[in-house]
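Engineer: take a look and give me a structure for this.
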Amino acid sequence: MISFAEARALALAHAAPLGTEEVTLAQLLGRHLAEPIVASFDMPLFDNSAMDGYGVKTADVAETTEERPARLTLQGVVRAGDAVTPELAAGSAVKLLTGAMIPPGVEAVVMSEFTEEREGAVLVTSPVKPGENIRCKGEEYHEGDIALPAGARATPPVIGLLATFGYASARVHGRPRVAVLVTGSELVSPGEPREEFQIYDSNSAALDSALAALGITGRTVTRVSDETAPLRAALAEALGSADVVLAAGGVSVGEYDLVKDVCAELGVETRFWQVKMKPAKPVYFGTHAQGEREQLVFGLPGNPVAVLVAFHEFVKPALLKMMGAAEVGPMLVPAIVYAKLKKKRGRREFVRGLAWAEEGRLCVKATKGQGSHMLGGMAAANCLIHLPPEAEVVAEGERVEIEFISWEQ
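Structural biologist: All right, here's what the predicted structure looks like:
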């Protein structure tokens, strides 16, 4: 067995970003930028009003009060999108709507709340400082600045920023094709009749939805019995079409745990098998040469919680790296244990947990049902509590590290 950190590093070392493609903004959500986005011009483009108000010269309103308002001649109105107006004269004001270009001579903008229009004039009841309520040209970005780094995930604000700079498309990394093989002669599909010795297949649906949450559209899911010939055929077909193969079940030490041996027969090189962790100790990882690239093969333990923990900790980071993500986690944050936790020494344990904020600190407790077959505890969890190999007892009130569960990134 190797440590969790070693196993994770090995999987990521063999996960290389895929090629790139140009996609439109409408296709960009969830993808990862393959190259930095450069500010194509200053942002803001020009000095503009931060709110509805009146452009003034500060000296004209320096002594104004509510009791003694300054009376200024209204010189005109500028809306967002209007061309620039003539220079502001002393003793005058220009009405400016939010986003309007600042006319020459305007030194500050007085909020509408401190003004009153009356018979072609504006009464101003509050002084302003130079530059007040003005958004200055280039205060956020200068032309040529890196607005977004390579690897950034395209979220709605990221896409909005691209549009702000006039980009109609962006170059992103490709998405891997993933083949899922779920082993188990005892499995039947949900909705089908079930014999008393059979169970419904949850791993197919869970893994397919986990891949969908990452935006992976090129995916197949196949169920195969615990027999060498059909497993070999299914794995060979998967290796013929996919960048990543996930086999759920069949990776432990039982008589019908055939995945490792069949992978070896098909030329898959074992990189690790068995990790000092709980759940998912028998997790397997191998690579298969395909031209200049390597296909990744993950063998996940069959218990449903072990499947999802192994996916979250090994498969998801590798897929994200292949899709060009700059960060693949895990991000660990400290939390206070709400109730005592116990474990055996020697393996890193991933306790399904529920974290919440209380009195300015983050608290966490284990969910009910910690067996690797108990999906209810996983379904109720919003985090994984990372208990290090050397830990045996974590007392109430002690600090632990937790990783919030995210199926998207």
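
Engineer: longest strand anywhere in this structure?
Structural biologist: strand 348-358 (DSSP state E).

Engineer: now do the spatially most distant residue from the centre of the chain against Trp356, distance only.
Structural biologist: Computed with CA atoms, centre = their mean, the residue of the chain farthest from its C-alpha average is Glu119, at 55.8 Å. According to CB to CB, to the nearest Å, Glu119 stands 60 Å off from Trp356. To be clear about C-beta, it is placed using only N, CA and C from the backbone, and glycine gets the same treatment.

Engineer: how about Leu387?
Structural biologist: 19 Å.

Engineer: cool, and Thr98?
Structural biologist: 39 Å.

Engineer: what about the two, which has more around it?
Structural biologist: Thr98 (15 against 12; other CB atoms under 10 Å).

Engineer: now the phi/psi pair for the more buried one, please.
Structural biologist: phi -50, psi 130 (degrees, to the nearest 10).

Engineer: where does it land on pLDDT?
Structural biologist: Note for Thr98: predicted pLDDT of 98.

Engineer: wait, it sits on Gly81?
Structural biologist: No. Assessed by CB atoms under 8 Å, Thr98 is found out of contact with Gly81, at 11.5 Å.

Engineer: which residues of the stretch 301-409 of the chain fall in strands?
Structural biologist: Remark: strands assigned in the stretch 301-409 of the chain by DSSP state E, counting those that start in this stretch are 332-337, 341-342, 348-358, 361-366, 383-387, 393-394, 399-404.

Engineer: export those strands as CSV, with columns for mean pLDDT.
Structural biologist: CSV is the format used below for the strands of the stretch 301-409 of the chain (pLDDT from 0 to 100):
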stretch, mean pLDDT
strand 332-337, 98
strand 341-342, 96
strand 348-358, 98
strand 361-366, 98
strand 383-387, 98
strand 393-394, 96
strand 399-404, 98
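
Engineer: so for Ala280, which of those sits nearest?
Structural biologist: strand 348-358 (7.8 Å; CB to CB).

Engineer: could I get the buried residue list for that closest one?
Structural biologist: Residues of strand 348-358 classed as buried: 348-355 (neighbour count, 16 or more other CB atoms under 10 Å).

Engineer: same deal with stretch 244-262?
Structural biologist: Buried, per 16+ other CB under 10 Å, within stretch 244-262: 244-252, 257-260, 262.

Engineer: identify the residues contacting it?
Structural biologist: 176-185, 203-204, 207, 226-228, 231-232, 235, 238-239, 270, 273, 282-284, 295-302, 307, 311, 315, 318-319, 322 (CB atoms under 8 Å, 6 or more residues apart in numbering).

Engineer: any idea what the closest residue to Ile2 other than its chain neighbours is bridged to?
Structural biologist: With sequence-adjacent residues excluded and distances taken as CB to CB, 6 or more residues apart in numbering, Ile2 is closest to Phe272, at 5.4 Å. Counting by DSSP bridges, Phe272 is bridged to Phe285.

Engineer: make 30 the starting number, not 1.
Structural biologist: OK, 30 is where the count begins now, so the last one is Phe301.

Engineer: where does the stretch 30-179 of the chain have low pLDDT?
Structural biologist: For the stretch 30-179 of the chain, applying pLDDT under 70 flags no range at all.

Engineer: residues contacting the residue lying closest to Gly426 once chain neighbours are set aside?
Structural biologist: The spatially closest residue to Gly426, leaving aside those adjacent along the chain, is Ile365, at 6.2 Å (CB to CB, 6+ apart). Counting by CB under 8 Å, 6+ apart, Ile365 makes contact with 390-393, 426-429.
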